[in-house]
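*Asks:* Just need the structure, nothing else, for what follows:
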Amino acid sequence: MRRFLLTILLLGTGLAHAGELPETDWLELMPKSDQKALEAMPEIDHNSPEGDGTFTEKGGMKQSKGLPAVMYSTKTVPSMNDKNIRIGGYPVPLESDAKGRSTLFFLVPYPGACIHVPPPPPNQLVLVRYPKGLKLDDIYTPLWVTGTLKVEKVNNDLADAAYALDAAKVRVVQESDL
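*Replies:* Residues are numbered from 1 along each chain as shown. All right, here's what the predicted structure looks like:
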């Protein structure tokens, strides 16, 4: 949990390049009641088959049972619907085109969310649709994603998300952004 909040703070230091939208903080996607519940939550045990390097045939990212309710929250912030945003995060590739470029991926707020359980709550996962595609060499590479955010519940074998984003632009975070 502390790592999650620290990553949010670190990503929150990014400055916009000329002509880019200001950054949307991940916590802006979460209602205040969920933010308070997340801050009060005890540390989560990451001991799991996925943590040991073994995965189910579906990948193993879905939430396991028995976590605090906030970890399953699909509560959204209605004012974020149809909003043009720029948000920083890390990709979890789902689909790619014939050239190997990722066209559909989850964006998560901290690195490693795709291999550590539990994953972020659904209201902290964004399904990104990017038909142009992006060559991803490393899922630990932070990205800026700009586009129109939709309040949209997405159910996937890998994870569930409460938001989807039709990306107009995706780029790697540069050192000059920090």
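
*Asks:* In terms of position in space, what residue lies nearest the middle of the chain?
*Replies:* Val108 (1.8 Å; C-alpha atoms, centre = their mean).

*Asks:* Glu23 touches Arg86, doesn't it?
*Replies:* Yes. Glu23 lies in contact with Arg86 (C-beta atoms under 8 Å); the separation is 5.7 Å. All C-beta spots, glycine's among them, are computed from the backbone N, C-alpha and C.

*Asks:* Where do the strands of the protein begin and end?
*Replies:* Applying DSSP state E to the chain gives strands spanning 83-96, 102-108, 126-134, 143-155, 160-172.

*Asks:* Any stretches of this protein with poor pLDDT?
*Replies:* Where the chain drops to pLDDT under 70, the residues are 1-18, 44-65, 114-117.

*Asks:* Could I get the contacting residues of the residue nearest to the centre of the chain?
*Replies:* Applying C-beta atoms under 8 Å, 6 or more residues apart in numbering to Val108 gives the contacts Gly89, Tyr90, Pro91, Val92, Cys114, Pro119, Pro120, Gln124, Leu125.

*Asks:* Count the residues that sit near Asn156.
*Replies:* 17 (other C-beta atoms under 10 Å).

*Asks:* wait, what's in contact with it?
*Replies:* By C-beta under 8 Å, 6+ apart, the residues touching Asn156 are Leu94, Phe106, Leu127.

*Asks:* doesn't Val92 make contact with the second one?
*Replies:* Just to be clear, that refers to Phe106. Yes. Taking C-beta under 8 Å as the definition, Phe106 is a contact partner of Val92 at 4.1 Å.

*Asks:* and of the contacts of Asn156, the nearest to Leu143?
*Replies:* Closest to Leu143 out of the contacts of Asn156 is Phe106 (11.5 Å), distances taken as C-beta to C-beta.

*Asks:* What separation is there between that closest one and Glu175?
*Replies:* As judged by C-beta to C-beta, to the nearest Å, Phe106 and Glu175 stand 25 Å apart.

*Asks:* if you count what's nearby, which of those two comes out ahead?
*Replies:* Per other C-beta under 10 Å, whichever of Phe106 and Glu175 has more neighbours is Phe106, with 26 against 5.

*Asks:* Who are the contact partners of the more buried one?
*Replies:* Contact analysis of Phe106 by C-beta under 8 Å, 6+ apart lists Pro91, Val92, Leu94, Cys114, Leu125, Val126, Leu127, Val128, Asn156, Leu158, Ala159, Ala161.

*Asks:* Fine by me, we can end here.
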